[in-house]
Each structure stands twice: as C-alpha cells, then as structure tokens.
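Novice: give me the fold of what follows.
(one chain, ligands or ions: 3)
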Amino acid sequence: MAQATPSVPMPKSGITLSRFIREKQKGYSTATGEFTGLIIEIGHAARIITREVRKAGLVDILGLTGKINVQGEEVQKLDEFAHHTIVRALDHTGLVCVMASEESDGVIPIPDRHPRGKYALNFDPLDGSSNIDTNASIGTIIGIHRKVSPGGLGSVGTREDLLRKGSEQIGAVYIIYGSSTILVYSDGHGVHEFTLDPSVGEFYLSQEDIRIPPRGKTYSVNEGNWAYWSDAQRRVVDYFKAEDKASDRPYGLRYIGSLVADFHRTLKKGGIFMYPGDRKNPQGKLRLLFECAPLAFMAQSAGGAAIDGSTPILGIEPAELHHRSPLYIGSAGDVRSAETILTEARAGAHVA
Ligand code: AHG
Ligand code: MN
Ligand code: MN
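Specialist: Ligands and ions are numbered 1, 2, ... in the order given. Reported below is the predicted structural model:
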C-alpha cells in the first residue's frame, strides 16, 4: 500500500510576501524589483524586532534607557532597538539614500561605505511605546518616497527627499507586533496584509486588497482629553455617541493607545480614529511624517480618508521633520461627518 503522504501543514494562502509582491510588480512596466526588495528587507527587520518584542517580558529590555528623545519623551529600550534594527537592515542594501526616524533629531545619512539607492524613508520605529510594558499591541510605521534631490541615482539623499507632502509617497508599510506579527503594505494600488508564521519565519498573505467600509460602528479617541478639547471637537464626539437608528449610532468606543493598532482595526472594520489638537497641544500629538502621512496613504489606498480637521493629511506641507498634526482617519463617511461638524462649529464660532 502506497505510503500516505505526510500531512505537511501548508499556510492558509501559501503565498509568501516576496512571491506576492514580485507577481504584483510584474504588472507594472516600470518595476525594477527594487520596491519588492525594499519591502522584503523591511519584513526582515520586522522579524528581528518581533523576536525582541516576544522576549521583552523575559529579559531586561523593558523599562527605560533614562534617555529623552527629540519629542521630549522617555525612550524605552525597545524604541532604540527597533530604530537601530531598521537602519541596519536597510542602510547597506543600495535601496535607500536617506532616512528619518521619530527617534532621530535630524536625517539619517547612508554611510559612504554603503551604496545609495532611490528610496527615502520616514519611520516611527516603535509606535505605542506606552504599551510596551503592558503587552498590548505595538508597531512600526514607514512612509516611502522616491529620491528627488539633485545628484541622480546613487548620490546622497537629503532633507529635501523626506520633508515632502504625503501625496508624494510611493508606498507605506506598517507592522503590528500583537498576538501575531502582521505586515501591511500599499504601493498605492491596494492594501495587502501578511501574517508571520514564526515556525518558518515567513510572512504569508492573509488579506488581499483591503477596503475600508464607507462607514463603521466605532469611534476611537482618548476621551481623557475632553477638558482640553475645543467645543467643535466635543460636538464631533457627541455626534458619534448620540442615538440615531438611521445612522447606526451610537458608535462603540475603542481605544488601544497604539495608533497602529487603532488604525488597523479601523482599516479592517471601518469607523474613525481621532487625535485632535487641544488647548495643551494645538497641533495634536502625532507626527505628520512618521505616523499621519504613511497611514493616510494607506487609508486612501483602501478607499478611506484622512484629514487634520479641515485639510487632507496628504496635502499638508511639513514645516520640519518632527511636524505634528491633528488626525481624523478612517471610513470616508465618518471622516466626512467629523469634517462637517468641525467646519460648521468653526463658522458658528466665527459668526459669534
Ligand atoms: P509613540 O509610541 O510612537 O510615541 O506613539 C504613541 C502615540 C500613538 O501610538 C497613540 O495613538 C497615541 O500616542 C496615544 O496617545 P495618548 O496616550 O495621549 O492617548
Ligand atoms: Mn508613534
Ligand atoms: Mn514611536
């Protein structure tokens, strides 16, 4: 009797990150394979950070380094580790000409000993730091630009390549180190999710072409800041909390405190995430280049929307690398509702 074929557990889709991107990129006449290579290298960095995040509870990587970063926040060891892991994974590949990180004051040049490539990256190496010690989901956010500064391919990248509108991005990636590690990327043509199978160290396609529903059922905001909010912002939250069967309200409140996790839920299920400006921080807390713009690129690629309260996030000209911006992001219908209320409140305030 023929030997039964051992049942080898195949991944759900069996399509690896590299195979998926290669096949997608084949559809673009201008594809050179470099974007594919970049996403694969980012996936490698994600696997290394995953290993440290998984160990975080076991070794003394928790707790603070006692250093303060450019944002004036205590730098947790995992922030630094993630920052250095991403720089080291990419700086020698010949794919990148310059980077900037939430954890670095200025731009991060590619050392002369390494070849330089055509991509410029803005990234938040570890988003949701306040959740590191509570084992809640944290993540990495990356915005990808193509070099525009003079000197041609292989030359040094500069601030000019990074300090640009989000609409000039050619890609975005985020990773969530949660119950499993997932990597989500977009090249502007659809948003695709991959899940890490740690037993083989591969990312497998878990959802292709994610679309944000036109409206959701949750709003996501830190209501603890209510005392500092404008009257307009309070009206927005009151709107989502009000009972109105016709528009499926009240919405539920979900807030994890890690933007990348709150955004991922919003991307998959719809709804709205808000981090408004307030009396303490008129420009809000989130960074335009490292958080808002990459996720706005992702949201718009999935049929959603992202504004600062009045202007599309992707249309904002950054004043400096660590530019902060209010953020309203998610289902197009819910973002539109927020924008209408904010505009009317401002007009009313203006009249008064
Ligand atoms: P980071 O850890 O990169 O500094 O980002 C933290 C951000 C974001 O992840 C989250 O949405 C927000 O901070 C939470 O801020 P509050 O604790 O003020 O709600
Ligand atoms: Mn962050
Ligand atoms: Mn961070």
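
Novice: contact residues of the stretch 251-352 of the chain facing ligand 2?
Specialist: Glu291 (CB under 5 Å from the ion). In short, each C-beta sits where N, CA and C put it, glycine included.

Novice: so where is the stretch 251-352 of the chain shaky, pLDDT-wise?
Specialist: 349-352 (pLDDT under 70).

Novice: now it against ligand 1: closest residue?
Specialist: Leu259 (3.5 Å; CB to the nearest ligand atom).

Novice: test my guess that that residue contacts Lys285.
Specialist: No: with contact defined as CB atoms under 8 Å, Leu259 does not reach Lys285; the gap is 9.4 Å.

Novice: the more surrounded of the two?
Specialist: With neighbours defined as other CB atoms under 10 Å, Leu259 and Lys285 compare such that Leu259 has more, 25 against 19.

Novice: can you pull the phi/psi pair for that one?
Specialist: In terms of degrees, to the nearest 10, the main-chain angles of Leu259 are phi -50, psi -40.

Novice: number the chain from 487, please
Specialist: Sure, I'll start numbering at 487, so the last one becomes Leu745.

Novice: could you list every residue that touches it?
Specialist: Residues near Leu745 by CB atoms under 8 Å, 6 or more residues apart in numbering: 613-614, 627, 759, 761, 772, 777, 781.

Novice: what about the nearest residue to Pro812 once chain neighbours are set aside, which helix or strand?
Specialist: Spatially, and ignoring its direct neighbours in sequence, Pro812 is nearest to Gly770 (4.0 Å; CB to CB, 6 or more residues apart in numbering). For Gly770, there is no helix or strand it lies in under DSSP states H and E.

Novice: what parts of the protein come near ligand 3?
Specialist: Proximity of the chain to ligand 3 (CB under 5 Å from the ion) is limited to residues 588, 610, 612-613.

Novice: top of these by neighbour count?
Specialist: The member of the residues of the chain next to ligand 3 that has the most neighbours, counting by other CB under 10 Å, is Leu612 with 31 neighbours.

Novice: ok, that residue - contacts?
Specialist: 535, 562, 564-565, 568-569, 618, 624-626.

Novice: mind listing which of those are in helices?
Specialist: Among the contacts of Leu612, the ones falling in helices (DSSP state H) are 535, 564-565, 568-569.

Novice: could you export those as CSV, including pLDDT, distance to ligand 2 and neighbour count?
Specialist: Output for those, formatted as CSV (pLDDT from 0 to 100; distance: CB to the ion, whole Å; neighbours: other CB atoms under 10 Å):
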residue, pLDDT, distance to ligand 2, neighbour count
Ile535, 96, 14, 25
Leu564, 87, 12, 23
Asp565, 90, 9, 25
Ala568, 96, 11, 30
His569, 96, 12, 24
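
Novice: how about the residues of the stretch 537-686 of the chain near ligand 1?
Specialist: Contacts of the stretch 537-686 of the chain with ligand 1, taken as CB under 6 Å from any ligand atom, map to 588, 610, 613-616.

Novice: restricted to helices, list the residues you listed.
Specialist: Using DSSP H, none of those sit in helices.

Novice: any chance of those in a markdown table, plus pLDDT?
Specialist: A markdown table is the format used below for those (pLDDT from 0 to 100):
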| residue | pLDDT |
| --- | --- |
| Glu588 | 96 |
| Asp610 | 98 |
| Asp613 | 97 |
| Gly614 | 96 |
| Ser615 | 89 |
| Ser616 | 89 |
